[in-house]
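Enquirer: Output the structure for:
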Amino acid sequence: MKRIFIALAVLLSVQVADAQVKTPSEAKKAVESAEAASQNPKKAEKVATWMKLAKAYVDAYDAPAGNAWVGAGQQELKLLMGSEKPSATENVTLAGEPYTKEVYAEKNLYFNAAGVLSMIEVTKPVFADALDRAYNAYQSAYKVDIKHSKTKDIVAGIKNVSSKYLNEGMNAYMFGDMKKASSLFAQAASVVAGEPVNEVDTTATYNAGFTAWMSKDYASAKEYFDTCIGAGYFEDGEVYAKLADCQLNLADTTAAKTTLENGFEAFPQNQSILIGLINYYISSGDEPDRLFALLDKAKENEPNNASLYYVEGNIHKELGHIEEAVASYNKSYEIDNNYAFGLIGIGILYYEQALELQEKAQNEFDDAKYTALVEQFETALKNAIDPFEKAFTVSKDESIKVSIAEYLKNIYYRFRDQDQKYADGYKKYDAVVASGRAQ
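Expert: Numbers count the residues shown, from 1 in each chain. Now for the predicted structure:
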């Protein structure tokens with residue numbers, strides 16, 4: 001799962017394996033009994049009456065899952081579920097990942113490739129709105145708890161309801177229903193926002209915003225992202241980038257520019273913000289000097305931060321300032337000889353330049369011009385070798401080294417018949433790529 005799932009927290013509602021779980025019919029009877037008690041005027045004045053009703057609805061919500069819980073092993077559940085067997089089993093793909101789906105009378109269980117239960121989909125709930133009713137019962141308990149002697153228990157109960165809404169939102173996300181997911185995430189945030197919890201659930205709020213953004217409901221997404229920023233939740237700057245995109249889609253370009261600039265000041269290394277600013281200045285026709293002014297301010301605060309010069313190189317690259325980009329990338333390496341990204345930036349710049357020249361050559365019918373373009377193509381490729389080689393040596397991250405090796409392998413393959421050193425280089429980096437391990 002990609003970046004989005006880094007921000008979307010997977011909340012595991014783990015049940016104790018040997019806990020007494022009510023059957024759906026038992027859970028329904030318990031709710032009916034608790035509901036009857038809540039209708040009694042005298043009992044309705046007692047906190048315990050509403051707490052019992054709230055718990056009954058939560059139990060009813062949980063009942064169809066039976067003894068299954070997220071995080072359990074497939075073989076483990078076979079033993080615990082006893083005679084309860086799936087009526088069908090099939091292989092499915094959710095959010096780009098393979099799962100095994102087991103179909104039961106009241107639920108579907110989804111196991112990941114490791115055989116661990118990742119999701120429970122209830123197909124026959126005892127009550128369709130059990131969580132809504134549980135929350136309302138907790139609110140009734142809070143209203144009659146004049147002495148606030150049970151506030152702690154009520155808060156815990158409401159937070160439990162919120163976590164279940166969050167899980168439901170995750171299920172909807174996995175099934176690709178972004179509108180439903182956003183609504184459920186918003187509900188998870190809403191139930192804890194008011195009395196007596198009074199908390200901003202930034203995870204649920206961000207998830208609600210992200211899925212609203214995914215479904216192009218920009219007005220709702222904007223509201224959620226605004227709440228995140230107000231609560232000091234930024235997701236490494238992604239909140240600013242997404243908020244600005246919502247504002248642009250709502251035709252508020254002035255607000256989008258301000259959001260991007262504020263985000264850039266706080267998170268100058270965030271690529272989404274950087275690309276958003278560059279696209280804004282290019283599309284608006286405004287001078288991009290403001291970008292460099294913001295970056296200069298950041299460099300004044302952190303003059304030895306090599307990554308800021310790397311970002312500066314990226315800006316120059318996107319604006320087509322090749323020499324300036326190379327100079328900024330080199331500066332990042334000069335400041336910190338252990339920082340490989342400036343070198344990688346130079347290598348990629350020349351590599352991409354070579355690909356553009358190659359495409360031009362392939363579309364050129366004039367022999368002389370074709371030959372000239374091929375020579376420029378090969379020069380650009382060779383220019384990428386030295387920075388990539390240095391980056392491979394400098395980098396301590398094996399996955400990055402393997403990625404660099406992929407570039408070098410392709411370059412050396414092109415020139416393997418020109419010189420033995422190129423043939424040796426190809427052999428070396430082909431082995432790295434094949435093994436996935438840096439030698």
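Enquirer: Tell me if Asn91 really is in a strand.
Expert: Yes - assessed with DSSP: H, G, I helix; E, B strand; the rest coil, Asn91 lies in a strand.
Enquirer: and it, what does it touch?
Expert: Pro98, Tyr99, Thr100, Lys101 (Cβ atoms under 8 Å, 6 or more residues apart in numbering). C-beta: built from backbone N, CA, C; applies to glycine.
Enquirer: residues making contact with stretch 415-431?
Expert: Stretch 415-431 has contacts (Cβ under 8 Å, 6+ apart) with Glu378, Leu381, Lys382, Ile385, Ala405, Glu406, Leu408, Lys409, Ile411, Tyr412, Tyr413, Gln439.
Enquirer: again, only using 7 Å
Expert: With contact meaning Cβ atoms under 7 Å, 6 or more residues apart in numbering, stretch 415-431 is reached by Ala405, Leu408, Lys409, Tyr412, Tyr413, Gln439.
Enquirer: Counting neighbours, what do you get for the second one?
Expert: When counting by other Cβ atoms under 10 Å, one arrives at 24 neighbours for Leu408.
Enquirer: For it, give me the pLDDT.
Expert: Leu408 is assigned a pLDDT of 97 by the prediction.
Enquirer: Correct me if wrong: it contacts Phe388.
Expert: Yes - at 5.2 Å, Leu408 counts as touching Phe388 under the criterion of Cβ atoms under 7 Å.
Enquirer: By neighbours, which of the contacts of Asn91 wins?
Expert: Busiest of the contacts of Asn91 [other Cβ under 10 Å] is Tyr99, holding 20 neighbours.
Enquirer: pretty sure that one is in a strand, no?
Expert: Yes - according to three-state DSSP, Tyr99 belongs to a strand.
Enquirer: Quick check, it in contact with Glu90.
Expert: No - if you go by Cβ under 7 Å, Tyr99 and Glu90 don't touch, sitting 9.4 Å apart.
Enquirer: and the helix or strand harbouring Arg290, what other elements does it pack with?
Expert: Assigned by DSSP states H and E, Arg290 belongs to helix 289-301. Contacts defined by 3 or more Cβ pairs under 7 Å, 6 or more residues apart in numbering; DSSP states H and E place helix 289-301 against helix 253-266, helix 306-318.
Enquirer: Could you look over the ones you listed and pick the most buried one?
Expert: Among those, the stretch with the highest mean neighbour count (mean count of other Cβ atoms under 10 Å) is helix 306-318, at a mean of 22.
Enquirer: report the angle between the axes of that one and helix 253-266?
Expert: Inter-element angle recorded for helix 306-318 and helix 253-266: 140 degrees (by axes from the mean of the first three to the mean of the last three Cα atoms, to 10 degrees).
Enquirer: mind checking the end-to-end distance for stretch 109-117?
Expert: For stretch 109-117, the first-to-last residue distance is 7 Å (Cα to Cα, to the nearest Å).
Enquirer: got the buried residues for it?
Expert: Going by neighbour count (16 or more other Cβ atoms under 10 Å), the buried part of stretch 109-117 is Leu109, Tyr110, Phe111, Leu117.
Enquirer: Then stretch 91-108?
Expert: Buried positions in stretch 91-108, judged by neighbour count with 16+ other Cβ under 10 Å: Leu94, Tyr99, Thr100, Lys101, Glu102, Tyr104, Glu106, Lys107, Asn108.
Enquirer: Who does the first one form a beta bridge with?
Expert: Just to be clear, that refers to Leu94. The partner list for Leu94 in beta bridges (DSSP bridges) reads Glu97.
Enquirer: looking at it, it is touching Met174, isn't it?
Expert: Yes - shown here, Leu94 and Met174 form a contact pair, counting by Cβ under 7 Å, at 4.7 Å.
Enquirer: Kindly provide the whole-number mean pLDDT of the helix ranked longest in the chain.
Expert: Using DSSP state H to define each element, the chain has its longest helix at helix 367-394. Mean pLDDT, helix 367-394: 97.
Enquirer: Can you name the next helix or strand after it?
Expert: helix 398-415.
Enquirer: gap between stretch 222-240 and the chain center?
Expert: Relative to its chain's centre, stretch 222-240 lies at 14 Å (Cα atoms, centre = their mean, to the nearest Å).
Enquirer: got it, and stretch 280-295?
Expert: That offset, for stretch 280-295, works out to 28 Å (Cα atoms, centre = their mean).
Enquirer: Not counting that stretch itself, show me its contacts.
Expert: Stretch 280-295 is contacted by residues 256-257, 260-261, 264-265, 268, 277, 308, 311-312, 315, 319 when judged by Cβ under 7 Å, 6+ apart.
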